[in-house]
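A.B. asks: Next comes the sequence, and after it the predicted model I'd like to discuss.
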Amino acid sequence: MKFDIREHNLVPKHIVLNEQEKEELLKKYGISIRQLPRILVTDPVVKLLNAKVGDVIKIIRKSETAGETVYYRVVVKSV
């Protein structure tokens, strides 16, 4: 029996952005891809999403004060 870790209540929702969404994000904040925080390609959720190096992951976390908080991470091979 396999367990999908994305269904665990402590794992926030992860979404891989498409190229257009990625470009809009970088333009909105006036940053380059290298300025985003990183997430390893070996991360279990990244593996389940089949994300590749250079993909941007949108992470939506529940927050007691804000309701929801959105984070972005770029997939990298190593830190």
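C.D. replies: Nice, I can see it. Numbering: from 1, shown residues only.

A.B. asks: Please make it C-alpha for all contacts and neighbour counts, starting now.
C.D. replies: OK.

A.B. asks: which residues of this structure fall in strands?
C.D. replies: 13-16, 38-40, 56-63, 67-76 (DSSP state E).

A.B. asks: partners of the last one, with directions?
C.D. replies: In other words, strand 67-76. strand 38-40 (parallel), strand 56-63 (antiparallel) (DSSP bridges).

A.B. asks: Show me the contact partners of the longest one.
C.D. replies: Among residues not part of strand 56-63, those counted as contacts by C-alpha atoms under 8 Å, 6 or more residues apart in numbering are 12-17, 22, 68-75.

A.B. asks: Identify each buried residue in it, please.
C.D. replies: 56, 57, 58, 59, 60, 61 (16 or more other C-alpha atoms under 10 Å).

A.B. asks: what's the most distant pair in the contacts of strand 56-63?
C.D. replies: Among these, the pair separated by the greatest distance (C-alpha to C-alpha) is 68 and 75, at 22.1 Å.

A.B. asks: which residue is nearest the centroid of the protein?
C.D. replies: For the chain, the residue nearest the mean C-alpha position is residue 57 (2.4 Å; C-alpha atoms, centre = their mean).

A.B. asks: and that one, bridged to which residues?
C.D. replies: Counting by DSSP bridges, the residues bridging with residue 57 are residue 16, residue 73.

A.B. asks: buried ones in stretch 36-47?
C.D. replies: 38, 39, 40, 41, 45, 46.

A.B. asks: and if you look at stretch 64-73?
C.D. replies: 72, 73.

A.B. asks: State the mean pLDDT of it.
C.D. replies: Stretch 64-73 shows a mean pLDDT of 92.

A.B. asks: which residues touch stretch 66-78?
C.D. replies: 33, 36-42, 46, 51-63.

A.B. asks: Keeping just the C-alphas, turn that stretch into CSV.
C.D. replies: Extracted C-alpha coordinates of stretch 66-78, given in CSV (Å, rounded to 0.1, in the frame of the first residue of the first chain):
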residue,chain,number,x,y,z
ALA,A,66,-3.6,35.3,6.7
GLY,A,67,-5.8,32.4,5.7
GLU,A,68,-3.4,31.3,3.0
THR,A,69,0.2,32.2,2.2
VAL,A,70,1.8,31.6,-1.2
TYR,A,71,5.5,30.8,-1.7
TYR,A,72,7.5,30.1,-4.8
ARG,A,73,10.5,27.8,-5.2
VAL,A,74,12.7,27.0,-8.2
VAL,A,75,13.6,23.3,-8.6
VAL,A,76,17.4,22.8,-8.5
LYS,A,77,19.7,19.8,-8.7
SER,A,78,21.7,20.7,-5.6
